[in-house]
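[1] Below are the sequence and a predicted model for it; my questions follow.
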Amino acid sequence: MEFLKDINVDKIRNLAEDAYNQAKPKTDVEARVYEVLSHKNWGASSSLMNEISRDTYDYDKFPIICRIVWDSIENQRPAGWRVVFKGLTLLEHLVKNGSERCVDDARNHSHSLRALHRFNYYEGTVDRGVGVREKSKQIVDLLGDDERIREERQKARQMREKFGGAQSTASSSGTGGGGGRYAGYGNDD
């Protein structure tokens, strides 16, 4: 009965949400995104986030990914701070590694990111909202600086080439994503 001391309504609700997200029927893309955005106490693997960023180059998969990411960021109760933080982490990864449309989409939602500057949640005396506040400020700062976005995307591409070998994004293989409008973000080969 000792374990009952650590259980509260928020923990039960988080477990129920994870169970629901695991059980509901979904596509492979949705399953990957929901896996990244779980309530679990650890972050997602970089290989999983890289798969999702590659999926953003697909015209049909991009809106699915964005819808789930923004739902996780915008529609969470404070006790779901971990999902919000993971959503912001995935968003930052997509801005740096995903389709150029991720940059525009994030800029279009900058009002939501700025609202997170005031995010608060305490577990006892521990401020769990500080990570969300800091991550949202970092992303807003990144989105406000085109040159920095180019640099970060270039660094990310170099890392993919260095560690990914034959794995590359759709834009570098010529199968989607990029175009003249977005060439300024460091994706012109």
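    Structure's in. What do you need? The structure displayed is predicted, hence computed values, not measured ones.

[2] which intervals of the chain have sub-threshold pLDDT?
    Judged by pLDDT under 70, the chain has its weakly predicted residues at 1-8, 10, 13-15, 18, 21-25, 164-189.

[3] can you pull out the strands in it?
    Assigned by DSSP state E, the chain shows strands spanning 122-123, 126-127.

[4] how about a markdown table for those strands, with distance to E161 added?
    C-beta: built from backbone N, CA, C; applies to glycine. Listed next are those as a markdown table, based on distance: least, C-beta to C-beta, whole Å:
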| stretch | distance to E161 |
| --- | --- |
| strand 122-123 | 41 |
| strand 126-127 | 39 |
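
[5] which stretch among the ones you listed comes nearest L142?
    Closest to L142 of the strands of the chain, according to C-beta to C-beta: strand 126-127, at 23.3 Å.

[6] And the most centrally placed residue in the chain, how far from I73?
    The residue lying closest to the centre of the chain (C-alpha atoms, centre = their mean) is L90, at 1.8 Å. As judged by C-beta to C-beta, to the nearest Å, L90 and I73 stand 9 Å apart.

[7] Ok, K137 next?
    Taking C-beta to C-beta, one finds K137 at 14 Å from I73.

[8] which one of those two has more residues nearby?
    The neighbour count for K137 versus I73, taken as other C-beta atoms under 10 Å, is higher for I73 (24 against 14).

[9] Please save the CA atoms from the lengthiest helix in the chain in CSV.
    When the chain is parsed with DSSP state H, its longest helix is helix 146-164. This file holds the C-alpha atoms of helix 146-164, laid out as CSV (Å, rounded to 0.1, in the frame of the first residue of the first chain):
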residue,chain,number,x,y,z
ASP,A,146,16.8,33.8,-40.3
GLU,A,147,20.5,33.6,-40.3
ARG,A,148,20.6,31.4,-37.2
ILE,A,149,17.9,29.2,-38.7
ARG,A,150,20.2,28.8,-41.8
GLU,A,151,23.2,28.0,-39.6
GLU,A,152,21.2,25.4,-37.5
ARG,A,153,19.8,23.7,-40.5
GLN,A,154,23.2,23.6,-42.1
LYS,A,155,24.7,22.1,-38.9
ALA,A,156,21.9,19.5,-38.8
ARG,A,157,22.5,18.6,-42.4
GLN,A,158,26.2,18.1,-41.8
MET,A,159,25.4,15.9,-38.8
ARG,A,160,23.0,13.8,-40.8
GLU,A,161,25.6,13.4,-43.6
LYS,A,162,28.3,12.5,-41.0
PHE,A,163,26.3,10.1,-39.0
GLY,A,164,23.5,9.1,-41.3
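
[10] buried ones in that helix?
    Of the residues in helix 146-164, I149, E152, R153, A156, R157, R160 count as buried by neighbour count, 16 or more other C-beta atoms under 10 Å.

[11] Which of those residues sits closest to K40?
    Among the buried residues of helix 146-164, and counting by C-beta to C-beta, the member closest to K40 is A156, at 25.0 Å.
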